[in-house]
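Enquirer: coords below, sequence missing:
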C-alpha cells in the first residue's frame, strides 16, 4: 500500500539548508498497524506530512497504492486526502459549538455525500470508535478528552479511508484514557482491517502497534515486528 524509497526532505532558508529526512526507505502493507517513533526533531512529523500527502519530499519516491504521489495534481492530492487517508491529531481539531454527530458528518459534506446518508454513516463510525450513543448530540466542548479523541477517530473513519494517520493521539490524555484510545485503534485495525500509522515519541505508546519503525536524526535506526505488543481489553 505504501512504499517509500530514499525519501529525503531538505528545508532551505536563504543560504541555510536543514536536512530533516535522509534516504528513508520502508513499506507498509494493507492492514498493518505501524508505529513511527522518535524524539522531538527526529523527522517523524515531517514524514507523517509526506505520507498524508500534505507535503512533498525533496528527493526519493513515495508510492501510494502504486501511484507516485509527487506526480499528482493538487486536486488529485486533495482527493487522496479526502478518500484514502484519515487524520487524527493530538489537539482533536473539533468544532466546539457543534454536536458530536455534526462534527463526524462534516467530511461527508465536503465529499458531497447526500444529506439522507450522512447521519447513518456518522453513526456507524461513532459506534466503531466506541463513542456512547447518549453523547452523540452533546456539543464537543462538553466531552472529556478521551471522548473528544474518539469523536476525532470517528471523523477520520467516516469516509472509510484505507489509511489512518494518528499524530501523537494520546498526547493530551491521561494514561488511562490514552490506553482506551490506543485500544480503539487496535480494534479498528483487528476487526475493521484498517491500516493504522501511529506517530509518537513514547515507547509505551508505540508498543501497542504490531511493528515499530524508530527514526532518529532523519534516519531509520530500527524497523522490526513488535513481538511484545500491548493488547488493550476495551471491556474493562
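Expert: Good, I have the coordinates. Nothing here was measured: the structure is a model prediction, and the numbers come from that model. Residues are numbered from 1 along each chain as shown.

Enquirer: tally of neighbours for residue 199?
Expert: For residue 199, the neighbour count with other C-beta atoms under 10 Å is 26. (Glycine included, C-beta is placed from N, CA and C.)

Enquirer: per-residue confidence at it?
Expert: At residue 199, the model reports a pLDDT of 96.

Enquirer: Got phi/psi on residue 227?
Expert: phi -80, psi -10 (degrees, to the nearest 10).

Enquirer: mind checking how far it is from residue 189?
Expert: 17 Å (C-beta to C-beta, to the nearest Å).

Enquirer: okay, those two: which has more neighbours?
Expert: Set residue 227 next to residue 189 and count neighbours by other C-beta under 10 Å: residue 189 wins out with 21 against 6.

Enquirer: Show me what the spatially most central residue of the chain is bridged to.
Expert: Nearest residue to the geometric centre of the chain (C-alpha atoms, centre = their mean): residue 165, 1.5 Å. Beta bridges link residue 165 to residue 87, residue 197 when assigned by DSSP bridges.

Enquirer: How about the contacts made by it?
Expert: 48, 51-52, 85-88, 197, 199 (C-beta atoms under 8 Å, 6 or more residues apart in numbering).

Enquirer: Just among these, which is most surrounded?
Expert: residue 86 (28 neighbours).

Enquirer: neighbours around the residue nearest to it when sequence neighbours are not counted, how many?
Expert: Closest residue in space to residue 86, ignoring its immediate chain neighbours: residue 156 at 3.1 Å, by C-beta to C-beta, 6 or more residues apart in numbering. For residue 156, the neighbour count with other C-beta under 10 Å is 25.

Enquirer: need the contact list for residue 156.
Expert: So residue 156 contacts 86-88, 164 (C-beta under 8 Å, 6+ apart).

Enquirer: residues of stretch 122-141 that come out buried?
Expert: Using 16 or more other C-beta atoms under 10 Å as the test for burial, stretch 122-141 gives 122-123, 125-126, 128-131, 135-136, 140.

Enquirer: what's next to it, contact-wise?
Expert: Contacts of stretch 122-141 (C-beta under 8 Å, 6+ apart): 92, 94-101, 103-105, 108, 143, 147-148, 150-151, 153-155, 157-158, 180, 184, 187-188, 192, 234.

Enquirer: which residues touch residue 19?
Expert: By C-beta under 8 Å, 6+ apart, the neighbours of residue 19 are 8-10, 218.

Enquirer: Look at residue 137 and report its pLDDT.
Expert: Value listed for residue 137 in the pLDDT field: 95.

Enquirer: Where does the prediction get shaky in the chain?
Expert: 235-236 (pLDDT under 70).

Enquirer: max-length helix in it?
Expert: helix 175-192 (DSSP state H).

Enquirer: list the helices and strands that helix packs on?
Expert: With contacts taken as 3 or more C-beta pairs under 8 Å, 6 or more residues apart in numbering; DSSP states H and E, helix 175-192 sits against strand 33-37, helix 115-128, helix 145-157, strand 163-167, strand 195-200.

Enquirer: Out of those, which gets nearest to residue 209?
Expert: Among the helices and strands packed on helix 175-192, the nearest to residue 209 by C-beta to C-beta is strand 33-37 (3.7 Å).

Enquirer: Helix or strand next in line after the closest one, which one?
Expert: Per DSSP states H and E, the first helix or strand lying C-terminal to strand 33-37 is helix 44-51.

Enquirer: Tell me what angle that next one forms with strand 195-200.
Expert: 150 degrees (axes from the mean of the first three to the mean of the last three C-alpha atoms, to 10 degrees).

Enquirer: Outside of helix 44-51 itself, list whatever touches it.
Expert: By C-beta under 8 Å, 6+ apart, helix 44-51 touches 2, 4, 7, 9, 20-21, 24, 36-38, 55-57, 62, 163, 165, 167, 197, 199, 201, 215.
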